[in-house]
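Chemist: A structural model of the following input is requested.
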Amino acid sequence: MTEALERVRGRIAGAGGDLERITLVAVTKGFDVDAVRAVRAAGIADLGENYAQELRAKADALGDAGARWHFVGRVQRNKVPLVAGDVALWHGVDRLAVGNAIARRAPGAEVLVQVDVTGEPQKGGCPPAEVPGLVEQLRGAGLNVRGLMAVGPAGPPEDARRGFRLVAALADDLGLDERSMGMSDDLEVAVEEGATMVRIGRALLGPRPAAARARR
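Modeler: I've put the predicted structure just below:
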């Protein structure tokens, strides 16, 4: 884990990123709690999960008050109550109904608006033109909108550049500090385009277990 972490940090620095200012979120989806403990032992406090049940089980098993849980998957309103007390930052808020569900269970919660930069329905996201309005609506619901989030397209990392650049420009226009973009394959492009958070799974933890891949 230590060697993998150093490689990821080297990639961030090599892309011009400031390691003191970019938050590394370790995405532990599909890995067991021992892997999460290894991540914490390596000094990573920010942990990302895609599924509410997994996050709930791992948070309970870990019992670590120093961990910061990020919900990085698409948010299902009926799952919000299960993890509302544990999630420090919701990355995938792409419509007001989801924001309202979070606000009911966790008033003042910190959220990111997911921007659709690929046009791929399965990835979710708010159309770029609608982002300013959604940010205002979420603030009106009492949420703390910290920034924007995006998932790059499948394919060569360079294909993500245009979308990430759009997200950074939108964040600037809206006065938002956080830009959660970049994963194991495209983190360099994301950092070059102004990411303040990168969500890293495979590059830290290796291939996801087969059982978890089959569940996708």
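
Chemist: For the closest residue to A42 other than its chain neighbours, grab the count of nearby residues.
Modeler: Of all residues not flanking A42 in the chain, M1 sits nearest, at 4.6 Å (CB to CB, 6 or more residues apart in numbering). All C-beta atoms are positioned from the backbone trio N, CA, C, and that covers glycine. As a burial measure, M1 scores 17 neighbours (other CB atoms under 10 Å).

Chemist: Is M1 in contact with V39, as I believe?
Modeler: Yes: between M1 and V39 there is a contact at 6.7 Å, judged by CB atoms under 8 Å.

Chemist: Doesn't G147 belong to a helix?
Modeler: No: counting by DSSP: H, G, I helix; E, B strand; the rest coil, one finds G147 to be strand, located in no helix.

Chemist: does it have beta-bridge partners, and which?
Modeler: As for beta bridges, G147 partners with L112, E178 under DSSP bridges.

Chemist: what do M1 and V39 both touch?
Modeler: Shared contacts of M1 and V39, defined by CB atoms under 8 Å, 6 or more residues apart in numbering, comprise L204, L205.

Chemist: Let me see the contact set for the most centrally placed residue in the chain.
Modeler: Residue closest to the average C-alpha location in the chain (CA atoms, centre = their mean): V72, at 4.0 Å. Contact partners of V72, counting by CB under 8 Å, 6+ apart, are V25, V27, G48, E49, N50, H91, G92, M149, S180, R199.

Chemist: Same list (those) but as CSV, adding secondary structure and pLDDT.
Modeler: Shown next, in CSV, are the contacts of V72 (DSSP: H, G, I helix; E, B strand; the rest coil; pLDDT from 0 to 100):
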residue, secondary structure, pLDDT
V25, strand, 98
V27, strand, 97
G48, strand, 97
E49, strand, 96
N50, coil, 94
H91, strand, 96
G92, strand, 91
M149, strand, 98
S180, strand, 98
R199, strand, 98
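
Chemist: Which member of these is positioned nearest A65?
Modeler: E49 (17.1 Å; CB to CB).

Chemist: That closest one - nearest residue in space that isn't next to it in sequence?
Modeler: Nearest to E49 is L55, by CB to CB, 6+ apart, at 3.9 Å.

Chemist: how many neighbours does that neighbour have?
Modeler: By other CB under 10 Å, neighbour count at L55 equals 25.

Chemist: Go ahead and confirm it touches V80.
Modeler: No: taking contacts as CB under 8 Å, L55 lies outside contact range of V80: 11.5 Å.

Chemist: how about the helices in the chain?
Modeler: With DSSP state H as the definition, the chain shows helices at residue ranges 2-14, 33-41, 52-62, 80-83, 96-105, 131-140, 161-174, 187-192, 202-205, 210-214.
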